[in-house]
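# Sequence below, structure please.
(one chain, ligands or ions: 1)
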Amino acid sequence: MNRTVFTAVGSAVRYSRIAGTGGYLPARRLTNSALADQLAARGVETSDEWIVERTGIRARHFAAEGEQCSDLAVAAARRALEAADCDAASIDLIIVATSTPDMVFPSTACIVQQKLGVSGCPAFDIQAVCSGFVYALTVADSMIRTGAANKALVIGSEVFSRLLDFDDRGTCVLFGDGAGAVVLQASDTPGLIASELHADGRHVDILCTPGSIAGGQVRGDPTLKMDGQAVFKLAVGVLEDVARSVLVKAGRSEADIDWLIPHQANIRIMQSTARKLKLSMEKVIVTVADHGNTSAASIPLALDVAVRDRRIRRGDTVMLEGVGGGFTWGAVLLDF
Ligand code: UT7
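Residues are numbered from 1 along each chain as shown. This is a model prediction of the structure:
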């Protein structure tokens, strides 16, 4: 693409628009009952009934031994590239949102770039836990609007199964692995209409994986810790506030939303958000039942599911909302 058409100082107004979506779930699917049986063998008690009633989750996918975050990301990216009818060589920006990278460094985005067989374009990771995809999409949109990029691969990819403490029933039943991706490209019509990102580091401790690496050893606990009720309370508040704020920025109202795609952590949080925004649950894309909480992958995976089953169509107005560790949250309003 000719970059001079879209310079920041040029006359043309420049937007970004989703050209294609892709998703990938690892082959191994574990129902609540199967997981409960495995946990029972180690003396941890849970049940399908408890998990469904408190979360809406019925099953999750776990990556195979040796299957890395970048493998999931590449599979989702290839599907997004195919849907956008473009090849990897035309991509000039790669952003991967993840909290479960392949390595401490380099970034998973660089590994994805290598596995896609391309080189040269900027590639980096964004770490905003479950808000990561909304953060990544907003950054890619900004780079496209300013002319720094023309066609971006924006990916959320996670292998949260690797962080779970299977002796902690309060967390190990909640998460799954997966990846979702979009090709975001420059456009003379919007696209992404408005977005907003937030963080509040005072709440670092309510959702974290506190371990680190030092002197060749893991220091501290490298498994996921969560104060579920504290996260729940914060999540329902910020998801309503940020949705309203983005609507105001966009000059639109709740009635303009065709589809709401909240982070897929708990059906009760999604129901509460929909109720507050006066949206019927029929307008909410829900994949938590089959995917569990896939952190930064949950929103692009849900988007891809709804695009492929033809609920979301070209021109529909979609609100994406992320919330998670940090504490971080944000929303993107877009015309698909
Ligand atoms: O991705 C980032 C965003 N994360 C979230 O949005 C998560 C937000 N939080 C939640 O979704 C909910 O707080 C949870 C699903 C994590 C927990 O649901 P809850 O209704 O808040 O349950 P709770 O933690 O208050 O626990 C209620 C009871 C406890 O037993 P007692 O003390 O009442 O006897 C727990 O020990 O449920 C027990 N419990 C379980 N029982 C069976 C906790 N986990 C389980 C389990 N199976 N897996």
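# How much space separates the residue nearest to residue 95 when sequence neighbours are not counted from the ligand?
What sits nearest to residue 95 in space, not counting adjacent residues and going by C-beta to C-beta, 6 or more residues apart in numbering, is residue 136, at 4.5 Å. Glycine gets a C-beta too; all of them are placed from N, C-alpha and C. As judged by C-beta to the nearest ligand atom, to the nearest Å, residue 136 and the ligand stand 16 Å apart.
# Wait, residue 136 touches residue 96, no?
Yes. Contact criterion C-beta atoms under 8 Å: residue 136 and residue 96 qualify, at 7.4 Å.
# list residues touching both of the two?
Residues touching both residue 136 and residue 96 (C-beta atoms under 8 Å, 6 or more residues apart in numbering) are 126, 155, 156.
# wait, doesn't the second one sit right on residue 73?
Yes. A contact is recorded between residue 155 and residue 73 when judged using C-beta under 8 Å, the distance being 4.7 Å.
# Identify the contacts common to those two.
96, 112, 179, 181.
# got the residues of the stretch 101-250 of the chain near the ligand?
Residues of the stretch 101-250 of the chain lying close to the ligand (C-beta under 6 Å from any ligand atom) are 130, 169, 170, 173, 207, 228, 229, 231, 232, 235.
# burial count for the third one?
The number of residues packed around residue 170, counting by other C-beta atoms under 10 Å, is 13.
# any idea of the pLDDT on it?
pLDDT for residue 170: 98.
# Leaving out the residues flanking it, which one is nearest to it?
Of all residues not flanking residue 170 in the chain, residue 228 sits nearest, at 5.9 Å (C-beta to C-beta, 6+ apart).
# Check the gap between the one you found and residue 174 for me.
8 Å (C-beta to C-beta, to the nearest Å).
# Kindly report the same for residue 191.
Residue 191 is 33 Å from residue 174, by C-beta to C-beta.
# what do you get for residue 245?
28 Å.
# of those two, who's got more company?
residue 174 (22 against 14).
# Could you tell me the phi and psi values at the residue nearest the centre of the chain?
In the chain, the C-alpha nearest the mean C-alpha coordinate belongs to residue 296, at 3.0 Å (C-alpha atoms, centre = their mean). Main-chain dihedrals, residue 296, degrees, to the nearest 10: phi -60, psi -20.
# Which pLDDT does the model give it?
98.
# what's the closest non-adjacent residue to it?
Per C-beta to C-beta, 6+ apart, closest to residue 296 is residue 132, 3.3 Å.
# how about the helix or strand harbouring the one you found: buried residues?
For residue 132, the host element (DSSP states H and E) is helix 132-145. For helix 132-145, the neighbour count (16 or more other C-beta atoms under 10 Å) marks 132-141, 143-145 as buried.
# Same question for stretch 181-199.
So for stretch 181-199, counting by 16+ other C-beta under 10 Å, buried means 181-187, 190-199.
# what's the answer for stretch 39-59, then?
Applying 16+ other C-beta under 10 Å to stretch 39-59 flags 39, 44, 46, 48, 51, 55, 56, 57, 58, 59 as buried.
# And stretch 109-128, by the same measure?
Buried residues in stretch 109-128 (16+ other C-beta under 10 Å): 109-113, 115-116, 118, 121, 123, 125-128.
# Stretch 76-91 now?
Buried, per 16+ other C-beta under 10 Å, within stretch 76-91: 76, 77, 78, 79, 80, 81, 83, 84, 86, 88, 91.
# State the pair within these that is farthest apart.
Spatial extent of the buried residues of stretch 76-91 (C-beta to C-beta) is set by the pair 76 and 86 at 15.0 Å.
# and stretch 150-164, how far from the chain's centre?
7 Å (C-alpha atoms, centre = their mean, to the nearest Å).
# how long is that stretch from one end to the other?
38 Å (C-alpha to C-alpha, to the nearest Å).
# what sits up against the longest helix that the chain contains?
Longest helix of the chain, by residue count under DSSP state H: helix 228-250. Applying C-beta under 8 Å, 6+ apart, the external contacts of helix 228-250 come out as 170-171, 193-196, 198, 203, 206-207, 253-254, 256-257, 260, 262, 265-266, 268-269, 272-273, 276-277, 319, 321, 323, 327, 329-333.
# just checking, which of those belong to strands?
193-196, 198, 207, 260, 262, 319, 321, 323, 329-333 (DSSP state E).
# picking that back up, the helix holding residue 132: what's the following helix or strand?
Following helix 132-145 in sequence, per DSSP H and E, is strand 151-159.
# and that following strand, C-alpha only, in CSV?
Extracted in CSV, the C-alpha atoms of strand 151-159 (Å, rounded to 0.1, in the frame of the first residue of the first chain):
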residue,chain,number,x,y,z
LYS,A,151,-2.1,-3.6,8.0
ALA,A,152,-1.7,-5.2,11.5
LEU,A,153,-2.1,-8.6,12.9
VAL,A,154,-3.6,-8.2,16.4
ILE,A,155,-3.7,-11.4,18.3
GLY,A,156,-4.7,-12.5,21.8
SER,A,157,-3.2,-15.9,22.7
GLU,A,158,-3.0,-17.7,26.0
VAL,A,159,-2.0,-21.0,27.6
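# From the contact counts, what lies against that strand?
helix 69-84, strand 93-97, helix 108-116, helix 132-145, strand 177-187, helix 298-308 (3 or more C-beta pairs under 8 Å, 6 or more residues apart in numbering; DSSP states H and E).
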